[in-house]
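Participant: Test case, fold it:
(chains A, B and C)
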Amino acid sequence: MPELPEVETVRQSLQQKLAGLKFTGAQILMPKVIQTPDPDEFKETITDKKITKVTRRGKYLLIYLNGGFTLVVHLRMTGTLVYGDKDDLVTKHTHVILSLDNGCHLRFADVRQFGRMWLVPATSLSDLPGYKDLGVEPLGEMFTRDYMKKELRRRHARIKPLLLDQTFIAGLGNIYADEALHRAKINPERLATTLTPREIALLYHAIQDVLREGIENRGTTVRDFIDGDGRAGSYQELLRVYSREGEPCSCCGKEITRKKVGGRSSYYCPACQKA
DNA sequence: ATGACGTCCTGCCTGC
DNA sequence: TGCAGGCAGGACGTCA
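Facilitator: The predicted structure is shown next:
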C-alpha cells in the first residue's frame, strides 16, 4: 500500500520525467476514478497544460500545471501512476491514460479501483474532502516532539489507530505505523494518554527513522507497489514486524504476533512491546 | 470526540 | 481440480 515513502518515491521518479512536459490529451477508461470534474471537462482542462512540478502532501500526489490547475492523485491500496512508452501494454486495470507531448504516456492503473484523481484549481485544494484536515508532515519542521506530546495528551485513543489517523500525522499507514511502534517498543493497543515522556520521544524518532529509511530504499513492495518508472521498492527486506507473523523478533527472538487493533492487522512482538 | 461498522473492489488463500 | 467464501485494507460516511 502506498504510504508516505512510496508516494514520495513516485513523486521523485515523476518529477524527473514529467517536469516541463505538456499533456496533449486524456483517455478515461474508468470514469469513477476521476472525482472531479466530469470526464469531458477533465479532458478539456488538462489538454495543453504544462507540468511545472510534482509535489506531495501526506499520501496525496500533486501535479502542478500551468494555468493554476493541479492534478491530485491518491493511490489508496493498489493504485499505480507510471510514466512509459505509448506502446506499452494496456492492462484491464489501466483506468486513465494521459498523453504527453514527447510521445510518452502517464498511466493510472488500479486493481482494486480505490484510487482517485481530482483536477482542481490549486487554490481549491482545501475543498477536497480529507485533504484540508490533514495533520502535520512527519518529516517537516512542524512535526516536533512537543506536537506529539500535546496531541497524544489530547486524543483519547489507542496509539495504533491514532497513528493511522491522517488528521494527526499525514502519511503514515499500516506498515510504517507497525514498524515505528516496534522500534519504540510500544504495544499497538496502549492508550495514547498513557505513554511516558520517554516513550513519546522514542516513538517520535522511530516514526521519522522508518519513514526516512523507507524513502532511502525507494518504498516497500509487499505485493503491488511500483514507482513512476514501474520499479519495485526494497524496504520490505528491512521490515522488522510487518507481514512477519510467526517469524522471530529481530530484537529478542520471540515470535511476531498479528492481532486486529481498530479493525486493522497489527504486527508486533509480544515480548518487546508489552501491553 | 471516539469507535464500530459498512462501503468500495479484486485477487489470493483456505477449506471442502 | 474446482469452486465457494472469507479476507485484506485507506478513507469516508453513518450511527451510537
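Participant: Any part of stretch A:103-113 near DNA strand C?
Facilitator: Yes: taking Cβ under 7 Å from any atom of the strand as the criterion, stretch A:103-113 and DNA strand C are in contact, through A:Arg112. For every residue, glycine as well, the C-beta is placed using N, CA and C.
Participant: And for that stretch, what's in contact with it?
Facilitator: Contacts to stretch A:103-113, defined as Cβ atoms under 8 Å, 6 or more residues apart in numbering, come from residues A:14, A:17-18, A:21, A:30, A:32-33, A:73, A:75-86, A:88, A:90-91, A:93-100, A:115, A:117, A:224.
Participant: out of everything not next to it in sequence, what's closest to the residue in the stretch 101-250 of chain A positioned nearest to DNA strand C?
Facilitator: Closest to DNA strand C within the stretch 101-250 of chain A is A:Gly130: 1.6 Å, counting by Cβ to the nearest atom of the strand. Take A:Gly130 and drop its neighbours on the chain: the residue closest to it by Cβ to Cβ, 6 or more residues apart in numbering is A:Gln166, 6.9 Å away.
Participant: Does the one you found belong to a helix, a strand or coil?
Facilitator: Classification of A:Gln166 using DSSP: H, G, I helix; E, B strand; the rest coil returns coil.
Participant: residues in contact with it?
Facilitator: A:58-59, A:130, A:133-135.
Participant: what about burial for the residues you listed, which qualify?
Facilitator: With neighbours counted using 16 or more other Cβ atoms under 10 Å, those contain these buried positions: A:58-59, A:134-135.
Participant: rewinding a little: check the contacts of stretch A:103-113 one by one and keep those near DNA strand C.
Facilitator: Filtering the contacts of stretch A:103-113 for neighbours of DNA strand C using Cβ under 7 Å from any atom of the strand leaves A:76-77.
Participant: From the contacts of stretch A:103-113, which land in strands?
Facilitator: Here DSSP state E is the test, and these give A:73, A:79-85, A:94-100, A:117 as lying in strands.
Participant: now, which of the residues you listed sits nearest A:Leu65?
Facilitator: Ranked by distance to A:Leu65 (Cβ to Cβ), the ones in strands among the contacts of stretch A:103-113 are led by A:Leu98 at 11.1 Å.
Participant: Can you tell me the closest non-neighbouring residue to that closest one?
Facilitator: If the residues on either side of it in the chain are set aside, A:Leu98 comes closest to A:Leu106, at 4.4 Å by Cβ to Cβ, 6+ apart.
Participant: quick one, helices of chain A?
Facilitator: Listed from the start of the chain, chain A has helices (DSSP state H) covering A:4-18, A:39-46, A:145-154, A:159-164, A:174-183, A:197-216.
Participant: which other helices and strands contact the fourth one?
Facilitator: Pointing back at helix A:159-164 there. Using 3 or more Cβ pairs under 8 Å, 6 or more residues apart in numbering; DSSP states H and E as the contact definition, the elements that helix A:159-164 packs against are helix A:174-183, strand A:264-268.
Participant: So what's the model's average confidence on that helix?
Facilitator: Averaging pLDDT along helix A:159-164 gives 91.
Participant: Brilliant, that's me finished.
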